[in-house]
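Chemist: quick one, fold the following:
(4 chains)
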Number of protein chains: 2
Amino acid sequence: MSEKRLNQAIETLKESGVRITPQRHAVLEYLLNSMVHPTADEIYKALEGKFPNMSVATVYNNLKVLREVGLVRELTYGDSSSRFDCNTSDHYHTICNNCGKIVDFHYPPLNEVEALAEQVTGFDVSHHRLEVYGTCPDCQKVGTKKH
Amino acid sequence: MSEKRLNQAIETLKESGVRITPQRHAVLEYLLNSMVHPTADEIYKALEGKFPNMSVATVYNNLKVLREVGLVRELTYGDSSSRFDCNTSDHYHTICNNCGKIVDFHYPPLNEVEALAEQVTGFDVSHHRLEVYGTCPDCQKVGTKKH
DNA sequence: TATTTATTTATAATCTTTACAATTAGTTTA
DNA sequence: TAAACTAATTGTAAAGATTATAAATAAATA
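Modeler: The predicted structure follows:
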């Protein structure tokens, strides 16, 4: 039941003067319901059935718009393509070294780190990001290496 | 005087059975003396004068080898290309939203975060990474936007 | 020195993302 | 509602980073 979040997000878009097209709505909805931080291509493939004529460019365009409005964050990890995250609440990510799976976990925001960085470097700090890497339970069981 | 670190690194390579070619030596040396976490292309351009016939592929090959041996870390940020870091001591990065500059800063390792992530997610945690984003002093002064 | 193996080089190929121009669709105004 | 305006979509090309491949070269070993 993420109906409420979807409606809130649409409200945000309207307030920003952004049109709600079917494709845009679909990308937003998919991201809100997705727990796995999909790549642009994954979103494209997922919506292909519903929008057979949709271009990959549309997915990128919409992700850019959603990012600019603040509804979506772009995450870059070691792998080749960016991942997109709709969950704007404070959380960090755990990433599997083996299969690339991403799992959220909550932890009090590291404000002291930001404060110290600001002091030491003279930066005007806006935000930070933290990722914990390791082997996920599934890959621990199987014990297989990726390549 | 990072002579010592260079020699240690070369020792590590020898122990791993990796040949020390002039190009490889140069890439390693450049990374050790660089404070700015260069991209592969920056390394390539920097060594062009010394090795006019060197291929970009060689830079990538060597970075891969150095990474596999544990001498180099690959860092992926929002911008398009990876950056490479030879400093294996514990430190975090501050990154300028505007110009992309990277500045190191030291902070006690966040072991508690790793421990909690391990508990909550069941991952077998290997390491973590943290970056603080903001506007660097130079860009604060100038007040110019990148695009 | 001859042989084996790793590395380099040059180039092509791949993959992700952006740019662009034409078309289409949504919104506003008359 | 129709006309006019603007934003978004589409299809395709282009850019940029990285990897793959095969031939040539250099290093190590016997």
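Chemist: for the nearest residue to residue A:65 once chain neighbours are set aside, grab the count of nearby residues.
Modeler: Taking CB to CB, 6 or more residues apart in numbering or on different chains, and ignoring the residues beside it in sequence, residue A:65 has residue A:18 as its nearest neighbour in space, at 6.0 Å. Quick note: C-beta positions are derived from backbone N, CA and C, even for glycine. Residue A:18 has 17 neighbours, counted by other CB atoms under 10 Å in any protein chain shown.
Chemist: surely residue A:18 and residue A:69 touch.
Modeler: Yes. Residue A:18 lies in contact with residue A:69 (CB atoms under 8 Å); the separation is 6.5 Å.
Chemist: low-confidence ranges, chain A, go.
Modeler: Across chain A, the ranges flagged by pLDDT under 70 are A:1-2, A:88, A:142-147.
Chemist: so where do the helices sit in it?
Modeler: In order along the chain, chain A carries the following helices (DSSP state H): A:3-15, A:22-33, A:40-47, A:56-69, A:111-121, A:137-142.
Chemist: any chance of those helices in TSV, with mean neighbour count too?
Modeler: Shown next, in TSV, are those (neighbours: other CB atoms under 10 Å in any protein chain shown):
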stretch	mean neighbour count
helix A:3-15	13
helix A:22-33	18
helix A:40-47	17
helix A:56-69	17
helix A:111-121	16
helix A:137-142	14
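Chemist: so who does the residue nearest to residue A:65 touch?
Modeler: By CB atoms under 8 Å, 6 or more residues apart in numbering or on different chains, the residues touching residue A:18 are A:24, A:65, A:69.
Chemist: where does residue A:54 sit relative to chain B, distance-wise?
Modeler: 25 Å (CB to the nearest CB, to the nearest Å).
Chemist: same check on residue A:128?
Modeler: 4 Å.
Chemist: ditto for residue A:5
Modeler: Counting by CB to the nearest CB, the gap from residue A:5 to chain B is 23 Å.
Chemist: what of residue A:32?
Modeler: Counting by CB to the nearest CB - residue A:32 and chain B are separated by 22 Å.
Chemist: circling back to that earlier point, in TSV: the helices of chain A, plus distance to DNA strand D.
Modeler: TSV is the format used below for these (distance: least, CB to the nearest atom of the strand, whole Å):
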stretch	distance to DNA strand D
helix A:3-15	8
helix A:22-33	4
helix A:40-47	9
helix A:56-69	3
helix A:111-121	25
helix A:137-142	21
